[in-house]
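A.B. asks: Provided below for reference: sequence and predicted model.
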Protein chains: 2
Amino acid sequence: MTVQKSAPSAVSRSAATRKRTRIQQEKEQLILEAALDVFSRHGFRGSTIDQIAVQAGLSKPNVLYYFRTKEAIHRRLIDRLLDNWLEPLRGINQDGDPLSEIQSYIRRKLELARDFPRESRLFANEILQGAPHIQEELHDLRDLVDRKSKIINGWIEDEKIAKCDPKHLFFSIWATTQHYADFDAQIRVVLGPKEDGNDRFEDAARFLDQLYVDGLRK
Amino acid sequence: MTVQKSAPSAVSRSAATRKRTRIQQEKEQLILEAALDVFSRHGFRGSTIDQIAVQAGLSKPNVLYYFRTKEAIHRRLIDRLLDNWLEPLRGINQDGDPLSEIQSYIRRKLELARDFPRESRLFANEILQGAPHIQEELHDLRDLVDRKSKIINGWIEDEKIAKCDPKHLFFSIWATTQHYADFDAQIRVVLGPKEDGNDRFEDAARFLDQLYVDGLRK
DNA sequence: ATAAAATTTTACCATATGGTCAAACTTTAC
DNA sequence: GTAAAGTTTGACCATATGGTAAAATTTTAT
């Protein structure tokens, strides 16, 4: 019977679901926060462990003490992200008022884009590169979309909203809302310097509300 | 008086607007084609000159004979891209029927996404990273959008289409159409294996047509 | 206070990568 | 055919980068 006596590491502990030390908790969060910043700005391959370490105020080997590899950091971020990201979609309620359900879905997605633009860009980067790290999670998404599409189709059959392809409806909602985070650099230039009293996201919300309500009303 | 007798290079010639040899033309196109493939899949930093060289069937130094740096290749691609990319927007005609003009703008943008997905992803990558290489070009875009927004506003004043914010209208059109190229990996999974007789882009076109026509009709 | 466990640092290593250079080779103009 | 111009290659270089090992330091439990 051999005993694991080799180097202790945060990694082996976390893998083994043992309790985490205070420092571990803090540093992991610190690293993830820094990594989110770096990854969302430069993509996976464009980011270096050193950049993340500097941003987190740690040394590179110290970062690697908490996460075995660069990929491990990325994976954790993506996992954490997807949970929150799909929450609004999960929230669509069959028994609610169809148009209100869709409206509030759009509003919640837009709020996510406003409040978590880095997460949106992290996701966009990953999909743009062909989603190499999240094929599995995407299949969960497909199941979720399938279920929610059935709800939409139900509303259509009940003649509560206009006939349309539910999946393309979702695509368009994702596209229009996430666009405000992902294409921020373009939008900033096109809208020009912000005039006071004008909130980009307010205007977007108003526009999308009108577009979808009028576009989907029976 | 010293004579420039050092290494001849395609670069120096191209910079000096001299006539280009047949080989130069061919190889440059070959490299740009390969680079488009590589850059659009891995982003700028995620791509290597070697990858581009292999894809083009050339050696790395040979690639660098035609383009001084990796950035130079990228820049040329982006320049070439923007020209085509903005063409549909330029085509919006004040004197046409408003709804038809918008419909055909959407259709043309969707066709670009279908026929030039690599270009779309190249652009998306660039914007996602904060548009570091195309600030100048983005300002041209702003002017163009300003002009076209005035047209839309004119139509609104004439009560030919519903009141809306023209810029956000453009944002939503860009988002929804480009989404089909940029988020291809996600869309593929969500739609599942292609059933025959079903064309993703046909369905998208139908959906968007309905959304915008009903959403904008006066 | 002390020993064990956890954390951090210093010094590395191997590989990948952007880019250079000069020699070898090919094409073109005459 | 020949010389000049243009093209291609192989050998390199400097730096960046992901990752490792072990020693040094700090924290925690007792």
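C.D. replies: Looks like it came in fine. What you see is a predicted model; the values in this text were computed from it and never measured.

A.B. asks: which residues in chain A form helices?
C.D. replies: For chain A, helices defined by DSSP state H occupy the ranges A:10-15, A:22-46, A:49-56, A:60-66, A:70-90, A:98-115, A:117-128, A:135-157, A:166-182, A:184-191, A:200-216.

A.B. asks: and the contacts of the second one?
C.D. replies: So the one you mean is helix A:22-46. The contact list for helix A:22-46, computed with Cβ atoms under 8 Å, 6 or more residues apart in numbering or on different chains, reads A:10, A:13-14, A:20, A:47, A:51-53, A:55-58, A:62-63, A:66-67, A:70, A:73-74, A:76-77, A:80, A:117-119, A:121-122, A:125-126, A:129, A:133, B:42-46, B:125, B:128-130. C-betas here are computed from N, CA, C, even on glycine.

A.B. asks: just the buried ones from these, in PyMOL syntax?
C.D. replies: The following PyMOL line selects those of the contacts of helix A:22-46 that are buried, judged by 16 or more other Cβ atoms under 10 Å in any protein chain shown:
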select buried, (chain A and resi 10+14+47+51+52+53+55+56+58+63+66+67+70+73+74+76+77+117+118+119+121+122+125+126+129) or (chain B and resi 42+43+44+45+46+125+128+129)
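
A.B. asks: the domain parsing of chain A - what is it?
C.D. replies: Taking automatic domain parsing as the reference, chain A has its domains at A:10-68, A:77-216.

A.B. asks: distance to B:Pro88 added to those domains, as JSON lines?
C.D. replies: JSON lines is the format used below for these (distance: least, Cβ to Cβ, whole Å):
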{"stretch": "domain A:10-68", "distance to B:Pro88": "28"}
{"stretch": "domain A:77-216", "distance to B:Pro88": "16"}
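
A.B. asks: out of these, the one nearest B:Asp95 is which?
C.D. replies: Closest to B:Asp95 of the domains of chain A is domain A:77-216 (Cβ to Cβ; 24.4 Å).

A.B. asks: my read: A:Thr176 touches A:Leu208, true?
C.D. replies: Yes. Using Cβ atoms under 8 Å, A:Thr176 makes contact with A:Leu208 at a distance of 5.9 Å.

A.B. asks: what is in contact with the two at once?
C.D. replies: With Cβ under 8 Å, 6+ apart as the test, A:Thr176 and A:Leu208 both reach A:106, B:172.

A.B. asks: what's the closest of the helices of chain A to B:Gly91?
C.D. replies: Closest to B:Gly91 of those is helix A:184-191 (Cβ to Cβ; 18.2 Å).

A.B. asks: check the offset of the closest one from the chain's centre.
C.D. replies: Counting by Cα atoms, centre = their mean, to the nearest Å, helix A:184-191 is centred 21 Å from the centre of its parent chain.

A.B. asks: and it, what does it pack against?
C.D. replies: Here helix A:184-191 touches helix B:117-128, helix B:135-157, helix B:166-182, going by 3 or more Cβ pairs under 8 Å, 6 or more residues apart in numbering or on different chains; DSSP states H and E.

A.B. asks: now that helix and helix B:135-157, what's the angle there?
C.D. replies: 60 degrees (axes from the mean of the first three to the mean of the last three Cα atoms, to 10 degrees).

A.B. asks: about what we covered before: could the helices and strands packed on helix A:184-191 go into CSV alongside distance to A:Glu157 and mean pLDDT?
C.D. replies: Below are the helices and strands packed on helix A:184-191 laid out as CSV (distance: least, Cβ to Cβ, whole Å; pLDDT from 0 to 100):
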stretch, distance to A:Glu157, mean pLDDT
helix B:117-128, 34, 96
helix B:135-157, 35, 95
helix B:166-182, 25, 98
